[in-house]
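K.L.:
need coordinates for the below:
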Amino acid sequence: MNRKINDILLREARTCLDDTDADALVAHSHSVREEVRRAGGGDLEQEVALLHDVVEDCCPADMEPEAYAATLPVSDEIRGAVLELTRRKGEIYADYIERVASGTRVARFVKQCDLRVNLRKSEATGCDSLVKRYTRALDRLAT
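P.N.:
I've put the predicted structure just below:
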């Protein structure tokens with residue numbers, strides 16, 4: 001895995017979030033990267049997994065996600081996949097999942113891994129509404 005991508009994750013999280021939220025973003029991103037690795041994803045998929053929530057969580061309110069993503073020193077392929085995985089402000093969750101489902105293989109693969117991580121956490125905490133939400137999303141991305 002490219003250390004540069006992890007450094008970007010850490011820098012962005014520490015710049016835009018308080019310590020607790022930054023730690024949560026970094027931990028979640030590493031959990032998704034590990035899920036991607038276990039599912040057979042290569043370096044590209046693992047690097048996208050590390051950054052998959054950065055634009056959504058760190059983009060300033062007065063900036064478009066594309067403009068924020070353009071500031072990240074990553075390849076166009078990584079940037080594009082991260083933008084595909086970025087839920088837009090006001091975007092209905094089902095519409096977001098449909099958009100990801102019609103996107104690239106990399107974005108779909110990383111989102112499926114993200115959902116599996118979220119599903120396990122929701123099952124462990126007994127949050128039935130999120131279990132249903134993530135299960136439906138996984139079913140949609142599998143088709």
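K.L.:
ok, the residue positioned nearest the centre of the chain to Asp62 distance?
P.N.:
By Cα atoms, centre = their mean, the chain has its centre lying nearest to His52, at 2.8 Å. Note on His52: its distance to Asp62, by Cβ to Cβ, to the nearest Å, is 23 Å. Yep, even glycine has a C-beta here, placed from its N, CA and C like the rest.
K.L.:
that older thread, how much space separates the residue nearest to the centre of the chain from Lys132?
P.N.:
Between His52 and Lys132 the distance is 22 Å, computed by Cβ to Cβ.
K.L.:
only alpha carbons, please: show the one helix or strand Val82 maps to as PDB.
P.N.:
Using DSSP states H and E, Val82 falls within helix 76-84. Extracted in PDB, the C-alpha atoms of helix 76-84 (Å, rounded to 0.1, in the frame of the first residue of the first chain):
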ATOM      1  CA  ASP A  76      -7.100  10.900 -11.600                       C
ATOM      2  CA  GLU A  77      -8.200   7.300 -11.200                       C
ATOM      3  CA  ILE A  78      -8.200   7.500  -7.400                       C
ATOM      4  CA  ARG A  79      -9.800  10.900  -7.400                       C
ATOM      5  CA  GLY A  80     -12.500   9.800  -9.800                       C
ATOM      6  CA  ALA A  81     -13.400   6.700  -7.700                       C
ATOM      7  CA  VAL A  82     -13.400   8.700  -4.500                       C
ATOM      8  CA  LEU A  83     -15.800  11.200  -6.100                       C
ATOM      9  CA  GLU A  84     -18.000   8.400  -7.200                       C
END
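K.L.:
residues of it that come out buried?
P.N.:
Ile78, Arg79, Gly80, Ala81, Val82, Leu83, Glu84 (16 or more other Cβ atoms under 10 Å).
K.L.:
that's all I had, so thanks and see you.
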